[in-house]
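Undergrad: Structure for the following, please:
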Amino acid sequence: MTYSFTIPIAPRTKKNHGQITKSGALIPSAAYLQYKKDCKYFIKRLDHPIDYPVNVKAIYYKDTHRKSDLINYHSALHDLLVDYGVLADDNDEIVVSTDGSRVFVDSKNPRTEITISEVSDG
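TA: Here you go, the predicted model:
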């Protein structure tokens with residue numbers, strides 16, 4: 001099984017510029033919340049979320065040369081994939097690898113290209 005799609009929006013992370021509510025809870029930034037809302041149109045919900053070992057390869061094309069952390073992009077993307085019913089969970093029994101993932105800059109065409117592939121029990 002291989003499932004591929006592109007999110008044609010500049011990738012965002014949940015970690016930067018979080019907001020603290022009056023009750024003291026930390027919530028993601030407004031930019032991430034808008035990103036999550038916008039991504040909904042590009043992520044096709046599966047009939048049954050993936051619940052077996054997969055590699056989630058993501059090529060992130062950000063819109064700026066500002067330094068960023070690959071792991072923060074992965075965290076945000078994996079949470080989106082769970083929220084939108086692609087993955088049953090993003091724990092280490094389902095997302096067993098992120099091999100081939102990279103971050104590049106493409107200010108004219110920022111996007112995230114995702115390929116989810118089943119991993120055999122080798």
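Undergrad: What is the least confident helix or strand in the chain?
TA: In the chain, no helix or strand scores lower on mean pLDDT, DSSP states H and E than strand 19-20, which sits at a mean of 70.
Undergrad: Quick check, central residue of this structure?
TA: Nearest to the mean C-alpha position of the chain, by C-alpha atoms, centre = their mean, lies residue 77 at 1.1 Å.
Undergrad: ok but residue 4 is inside a strand, no?
TA: Yes: counting by DSSP: H, G, I helix; E, B strand; the rest coil, residue 4 is found in a strand.
Undergrad: Spatially, and excluding backbone neighbours, which residue is closest to it.
TA: residue 115 (4.6 Å; C-beta to C-beta, 6 or more residues apart in numbering). Where C-beta positions appear, they are placed from N, C-alpha and C, glycine not excepted.
Undergrad: For this protein, just list every one of the helices.
TA: With DSSP state H, the ranges of helices along the chain come out as 30-39, 70-83.
Undergrad: which stretch in these has the least confidence?
TA: Note on the helices of the chain: helix 30-39 shows the lowest mean pLDDT, a mean of 91.
Undergrad: Name the spans of the chain whose pLDDT lies under the cut-off.
TA: 16-19, 121-122 (pLDDT under 70).
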